[in-house]
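> Okay, structure incoming, though there's no sequence with it:
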């Protein structure tokens with residue numbers, strides 16, 4: 001069941017008898033993207049500016065072309081790559097702000113509902129493995145799913161069709177009976193192109209920013225309704 005809005009639709013119900021696999025993004029889907037937007041959008045530039053005694057604006061201008069050149073590739077998401085570029089350990093710097101890592105509303109409860117059901121669950125993330133480890137230390141997130149797979153282990157970012165081919169070979173999921181949740185339009189588009197028609201946008205990935213209006217895919221604000229329906233079992 002859906003509720004139309006713009007060119008997209010809010011998902012209000014799922015027939016869980018048709019679903020045997022749920023794939024979930026991590027940042028902006030299960031965990032609040034506010035941490036990442038603040039850290040990657042400000043904190044890394046702030047530290048570089050302090051080290052080199054230049055302004056944050058100068059730092060952003062210096063690195064903006066590089067960010068654009070590696071967008072949608074593994075380097076964009078690689079703490080190793082950015083540590084080399086910025087000249088300090090990105091992952092160690094991120095630990096100073098780890099208190100900002102937190103769950104999105106109803107996400108943890110949804111994972112518990114999945115664990116109590118017959119539906120398999122896997123986190124599929126572009127986050128570098130050391131970021132996954134840090135966020136697990138804070139939230140225990142990887143203990144709540146069957147598996148966690150970083151795109152770095154498959155050699156392709158989620159925006160690439162090669163990622164989805166490698167992921168299916170690894171997990172043996174059936175696209176027709178799979179749900180996929182992500183906050184990135186480019187990633188959702190890649191998943192849909194691969195055949196996961198029920199690829200669902202998270203339209204409030206950052207609690208500090210306005211909710212997005214879904215334009216090209218099914219969407220949910222959070223997992224409240226889907227979690228409740230899953231705990232009831234069967235169709236809803």
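Okay, I see it. Only a predicted model underlies this, so the values are computations on that prediction, with no experimental measurement involved.
> hang on, residue 124 in a helix?
No: counting by DSSP: H, G, I helix; E, B strand; the rest coil, residue 124 falls outside a helix, being strand.
> what sits opposite it in the beta ladder?
For residue 124, the beta-bridge partners are residue 149 (DSSP bridges).
> Quick check: it vs residue 206, distance?
20 Å (C-beta to C-beta, to the nearest Å). Every residue, glycine included, has its C-beta placed from N, CA and C.
> of these two, who's got more company?
Neighbour comparison, residue 124 and residue 206: the larger count goes to residue 124, with 27 against 20 (by other C-beta atoms under 10 Å).
> Model confidence score at the more buried one, please.
Looking at residue 124, its pLDDT stands at 98.
> next one: residue 118
Reported pLDDT for residue 118: 85.
> you'd agree residue 167 is up against residue 123?
No: in this structure residue 167 lies outside contact range of residue 123 using C-beta atoms under 8 Å: 11.6 Å.
> number of nearby residues for residue 51?
Residue 51: 12 neighbours (other C-beta under 10 Å).
> same check, this time on residue 99
Residue 99 has 9 nearby residues by other C-beta under 10 Å.
> From residue 79, how far out is it?
19 Å.
> repeat for residue 170
23 Å.
> The two: who's more crowded?
residue 79 (21 against 14).
> List the backbone torsions phi and psi for that one.
The phi/psi pair for residue 79 (degrees, to the nearest 10) reads phi -70, psi -30.
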